[in-house]
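1. A structural model of the following input is requested.
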Amino acid sequence: MTKYKFTVVVEMDEDGVYVATCPVIQGCYTQGATYKEAIRNIKDAIKLHIDARKELGEPIPIETAVEEVELIEQATPSQA
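-> Sure thing, here's the model as predicted:
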């Protein structure tokens, strides 16, 4: 059994739906009415992508680095 670990991004859209993506697997995204449902669905989507890649003899993408970037926006004089 091979164990995979992928980063997923979950965002809430303007309609209140949670959208989950796996950036390292192109085209791997799903949604859910709740955060938990979106996570459950993205796990299924990732598994389907991995199974399809194996059947086609394609490599499974491996993340090389995950980094968080913090930006601080300075107030402009008109915002102060």
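2. Where does Asp15 sit: helix, strand or coil?
-> Counting by DSSP: H, G, I helix; E, B strand; the rest coil, the backbone at Asp15 sits in coil.
3. check contacts around it.
-> Residues in contact with Asp15 (C-beta atoms under 8 Å, 6 or more residues apart in numbering): none are found. From N, CA and C alone the C-beta is placed, and that goes for glycine too.
4. confidence score at it?
-> At Asp15, the model reports a pLDDT of 96.
5. The one 4 residues further on too?
-> The confidence metric pLDDT takes the value 98 at Val19.
6. One more: Ala80?
-> In this model, Ala80 is scored at 57, pLDDT.
7. what residues are up against the closest residue to Val66 other than its chain neighbours?
-> Nearest in space to Val66, with sequence neighbours left out and distances taken as C-beta to C-beta, 6 or more residues apart in numbering, is Thr7 at 5.1 Å. Counting by C-beta under 8 Å, 6+ apart, Thr7 touches Cys22, Pro23, Val24, Glu63, Val66.
8. How are the helices of the protein distributed by residue range?
-> Along the chain, counting by DSSP state H, helices occupy 35-56.
9. Select only the buried ones of the contacts of Thr7 in ChimeraX?
-> Entered in ChimeraX, the line below selects the buried ones among those, by 16 or more other C-beta atoms under 10 Å:
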select :22,24
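10. Save the contacts of Thr7 as TSV, and put in distance to Arg53 and pLDDT too.
-> Putting the contacts of Thr7 into TSV (distance: C-beta to C-beta, whole Å; pLDDT from 0 to 100) gives the following:
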residue	distance to Arg53	pLDDT
Cys22	13	97
Pro23	16	95
Val24	12	95
Glu63	15	88
Val66	21	83
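11. Show me the two of the contacts of Thr7 that sit farthest apart.
-> Cys22 and Val66 (11.9 Å; C-beta to C-beta).
12. now Tyr35: how far from Val17?
-> 11 Å (C-beta to C-beta, to the nearest Å).
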